[in-house]
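S.K.: Just the structure for this:
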Amino acid sequence: MVLTMRFAPSLFILLSTLLGFPEQRPTQRPAVASAHLEGRVTLSTGAPARGATVTVHCIGCLGRMRIDSTGRYSVDVPAGRLSLELRCFTATTLGHVVESPTLVLKAGERRVHNFVFQPNACREPPFSTLWGSFRGIYVHHWEGSTFSFCDEVPLPVREVLARSFVPGAVAVSASIANVTNLLDHVGVMPNSQGETPLYVEWRGMLAGPGQYGTWGLASYGFTVDSVRVVRAMQLTDCPRINPLAARTPARFDTAAVVLAAWRTVMTQPAAPGRPAVLSVTSRLDRHTMPLSPLVTRQLRERGVPIVRPVDLYGSTVRDTYHIADLEMLRDSSVSVVMGASYFLPSRNGFEVFKARGDSVRVRCEARVCTARLVRSWLGRQ
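M.R.: Numbers count the residues shown, from 1 in each chain. I've put the predicted structure just below:
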């Protein structure tokens, strides 16, 4: 039996007072003093500046506002200091800032602040396409790839790129399979942001302005038709945009690094006496670092048994290894982590699925790579 005791509210208050409990009162947030801001955004001719945006910056503000068809905006804001940004009407994600005044509003105040665009303040070239050959820096990233021109680009394009969210960057689309393979790593380690900067010379179509790439943040898009040159970027490349060179990772022979790590790990295979294979993929995978088809072919030619990723790593007749991580270290050596999955019989006759990991340090000098085993560990899955 469960006894339930009920008290009238007045009795509860009396008991709290007698026993010394503090009285519980509901907490209320202090009211925030507000003000009202409105205005009209027009061209120098007096016509409404359709497509322009007004952004309010302050604690508790609503952010960017589109003006209505008559050019008006209206918003309630917390009293105090705030700043405004008037951005151009644009076909891209972000128009450049024309004005950015700072205002101080008192509680209960109703402020009117108008904007007027001067002639040519928001000049933007019409959408167009341009076929041609270009050279520059291609930055490969799993979330979106960009291209920056080594040489000067046509003036209208240059003006838009100068005020883009990512200055000078063009979103890249490589729809042809052989083009994608050419750009896939080519033996260059990604930097700490997962980017792979390459020097390229290619031909294709440049289109814009508009919204291209990841989240539509690039003002122009470039569709690759053919590639003439692709290699690791060097310090002498593209003096006009040379600051990118500071982020260029060191170049090394990827196949030689993986081969040295593979041979070191094979000195103590997961299950001695049983064949081992290396699972390789050229695409982003949850467990395996991607390698380009070129590197895969080089490994196969050097005697490494290659298989494609399988749904379940591990076999009763072979040990399946994969490259779990590749990382360039500060001393220019490369850390390679290789994992293996395999089955081993147990005493009761059942097979046990197990996993093995090996961390190898590889150093390459004069095109010769040597490796040493740093750490090994076993696990049961």
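
S.K.: From the chain's centroid, how far away is the helix or strand containing F134?
M.R.: Here F134 is covered by strand 128-140, with elements defined by DSSP states H and E. Per Cα atoms, centre = their mean, to the nearest Å, the displacement of strand 128-140 from the mean C-alpha position of its chain is 21 Å.

S.K.: what mean pLDDT does the longest strand along the chain have?
M.R.: Longest strand of the chain, by residue count under DSSP state E: strand 351-365. Computed over strand 351-365, the mean pLDDT rounds to 84.

S.K.: With stretch 82-93 instead?
M.R.: Mean per-residue pLDDT for stretch 82-93: 81.

S.K.: Which positions within it qualify as buried?
M.R.: Neighbour counts over stretch 82-93 (16 or more other Cβ atoms under 10 Å) mark L82, L84, E85, L86, R87, C88, F89, T90, A91, T92, T93 as buried. (Each C-beta comes from the backbone N, C-alpha and C, glycine too.)

S.K.: Over to stretch 361-377?
M.R.: The neighbour-count check on stretch 361-377 (16+ other Cβ under 10 Å) flags R361, V362, R363, C364, C369, A371 as buried.

S.K.: send the alpha carbons of that stretch over as PDB?
M.R.: Listed in PDB are the C-alpha atoms of stretch 361-377, where the atom choice follows Å, rounded to 0.1, in the frame of the first residue of the first chain:
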ATOM      1  CA  ARG A 361      56.700   5.600 -38.800                       C
ATOM      2  CA  VAL A 362      58.000   6.000 -42.400                       C
ATOM      3  CA  ARG A 363      60.800   8.300 -43.400                       C
ATOM      4  CA  CYS A 364      61.800   8.900 -47.000                       C
ATOM      5  CA  GLU A 365      65.200  10.300 -48.200                       C
ATOM      6  CA  ALA A 366      66.400  10.400 -51.800                       C
ATOM      7  CA  ARG A 367      63.400   8.400 -52.900                       C
ATOM      8  CA  VAL A 368      64.100   5.600 -50.500                       C
ATOM      9  CA  CYS A 369      61.600   5.000 -47.700                       C
ATOM     10  CA  THR A 370      62.400   3.100 -44.500                       C
ATOM     11  CA  ALA A 371      59.900   2.200 -41.800                       C
ATOM     12  CA  ARG A 372      59.900   1.100 -38.200                       C
ATOM     13  CA  LEU A 373      57.100  -0.300 -36.100                       C
ATOM     14  CA  VAL A 374      56.000   2.100 -33.300                       C
ATOM     15  CA  ARG A 375      53.100   0.300 -31.600                       C
ATOM     16  CA  SER A 376      50.800  -2.700 -32.100                       C
ATOM     17  CA  TRP A 377      47.600  -3.600 -30.400                       C
END
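
S.K.: Show me the shaky parts of the stretch 151-300 of the chain.
M.R.: When residues are selected by pLDDT under 70, those of the stretch 151-300 of the chain lie in 162-168, 175-196, 233-236, 241-252, 282-287.

S.K.: can you give me the helices for it?
M.R.: Assigned by DSSP state H, counting those that start in this stretch, the stretch 151-300 of the chain shows helices spanning 155-162, 177-183, 254-265, 293-301.

S.K.: related to what we said a few turns ago, need the contact partners of the very next helix or strand once past the longest strand of the chain.
M.R.: The element immediately downstream of strand 351-365 (helix or strand, assigned by DSSP H and E) is strand 368-380. Strand 368-380 is touched from outside by 253, 256-257, 259-261, 263-265, 267-268, 335-336, 352-364, with contacts defined as Cβ atoms under 8 Å, 6 or more residues apart in numbering.

S.K.: Partner strands of strand 368-380 and their direction?
M.R.: For strand 368-380, sheet partners with direction are given as strand 351-365 (antiparallel), following DSSP bridges.

S.K.: how distant is the strand it pairs with from the center of its chain?
M.R.: Distance, centroid of strand 351-365 to centroid of chain: 29 Å (Cα atoms, centre = their mean).

S.K.: Could you do stretch 57-75 as well?
M.R.: On the basis of Cα atoms, centre = their mean, the separation between the geometric centre of stretch 57-75 and that of its chain is 30 Å.
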